[in-house]
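S.K.: Here is a sequence with its predicted model. Questions after.
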Amino acid sequence: EAGVAQSPRYKIIEKRQSVAFWCNPISGHATLYWYQQILGQGPKLLIQFQNNGVVDDSQLPKDRFSAERLKGVDSTLKIQPAKLEDSAVYLCASSPGQKEKLFFGSGTQLSVL
Amino acid sequence: QKEVEQDPGPLSVPEGAIVSLNCTYSNSAFQYFMWYRQYSRKGPELLMYTYSSGNKEDGRFTAQVDKSSKYISLFIRDSQPSDSATYLCAMTPPSGGGNKLTFGTGTQLKVEL
């Protein structure tokens, strides 16, 4: 079974630039999550989708972050404009349903200079 | 005060040692408790999942929950170099919480030959 795919693997940008991350969840998984993991910290949930609808985006900085999940499959997370404090690993995870085991991708490591 | 506190380590032990990893939490609404293992440059993977107070064993791993003290532990017996990773505790409230996990900061473990 293929895992959660994320790209790019690494991204380096300057502050105030924009960046986008892509996630392809495990086939058939209805629930998709984006987590932010800052160095030395645990992952923090940014947004949760159930199919193509948003379940929870309470911790998403909506002035600069946006996410979408078109057709309930792939998802993109965008940051515009980026700040230095956005440097982190952005993890995508999926699960068959909202209360089931999460499967994480390897993440996109973002460095904002 | 953070909702979940975890000693960041790093923790270095010889091969074959018993390892004890711990988390404390302040939110009594947390009812589901998990331990994730995260290898360098990889996403977290679920190791153990518990609900009730007491012990749960899976091979060399034992998860322990003490809800009265708001304290959870992960024990690793006969530790191996392949156990070298960061261990994250995570927890979530019951119904309505979905998979909105609150993670600890992670404990970095190194098992040396």
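M.R.: Nice, thanks for sending it over.
S.K.: going forward, measure contacts and count neighbours with C-alpha atoms only.
M.R.: OK.
S.K.: Within range of chain B, give me the residues from chain A.
M.R.: Applying Cα under 8 Å from any Cα of the partner chain, we find that chain A lies next to chain B at A:40-45, A:91, A:98-107.
S.K.: Buried only: go through those for me.
M.R.: Using 16 or more other Cα atoms under 10 Å in any protein chain shown as the burial test, those include A:41-45, A:91, A:98, A:102-107 as buried.
S.K.: Tell me which two in those are the farthest apart.
M.R.: Within these, A:41 and A:98 form the most distant pair, 23.8 Å apart (Cα to Cα).
S.K.: Leaving out sequence neighbours, find the closest residue to residue A:18.
M.R.: residue A:80 (4.4 Å; Cα to Cα, 6 or more residues apart in numbering or on different chains).
S.K.: about what we covered before: pick out the lowest-pLDDT one from the buried ones among the residues of chain A next to chain B.
M.R.: Least confident by pLDDT among these: that is residue A:98, with 74.
S.K.: which ones are touching the nearest residue to residue B:14 once chain neighbours are set aside?
M.R.: Residue nearest to residue B:14 in three dimensions, not counting chain neighbours: residue B:112, with 4.8 Å by Cα to Cα, 6+ apart. Shown in contact with residue B:112 (Cα atoms under 8 Å, 6 or more residues apart in numbering or on different chains): B:12, B:13, B:14, B:15, B:80, B:81.
S.K.: And the strands in the chain?
M.R.: Using chain A. A:5-7, A:10-13, A:19-24, A:31-37, A:44-50, A:53-56, A:65-68, A:75-79, A:88-95, A:103-104, A:108-112 (DSSP state E).
S.K.: look at chain B instead
M.R.: Counting by DSSP E, the strands of chain B are B:4-6, B:11-14, B:19-25, B:32-38, B:45-50, B:54-58, B:61-66, B:71-76, B:85-92, B:102-103, B:107-112.
S.K.: tell me the mean pLDDT over the fifth one?
M.R.: Averaging the model's pLDDT scores along strand B:45-50 yields 92.
S.K.: Please name the strands paired to that strand in the sheet, noting orientation.
M.R.: Using DSSP bridges, the strands paired with strand B:45-50 are strand B:32-38 (antiparallel).
S.K.: what angle do the strand it pairs with and strand B:85-92 make?
M.R.: Counting by axes from the mean of the first three to the mean of the last three Cα atoms, to 10 degrees, strand B:32-38 lies at 160 degrees to strand B:85-92.
S.K.: what's the angle between strand B:32-38 and strand B:19-25?
M.R.: Using the same axes, to 10 degrees: strand B:32-38 against strand B:19-25 is 130 degrees.
S.K.: what does strand B:32-38 rub up against?
M.R.: For strand B:32-38, the external contacting residues (Cα under 8 Å, 6+ apart) are B:44-52, B:65, B:72, B:74, B:85-94.
S.K.: And the buried ones among the residues of chain A next to chain B, which is closest to residue A:7?
M.R.: Using Cα to Cα, those come closest to residue A:7 at residue A:107, 7.8 Å.
S.K.: Nearest residue to residue 16 in space, please, no chain neighbours.
M.R.: I'll assume chain A. Closest residue in space to residue A:16, ignoring its immediate chain neighbours: residue A:81 at 4.3 Å, by Cα to Cα, 6+ apart.
S.K.: try chain B instead
M.R.: Using Cα to Cα, 6+ apart and skipping the chain neighbours, the partner closest in space to residue B:16 is residue B:78 (4.0 Å).
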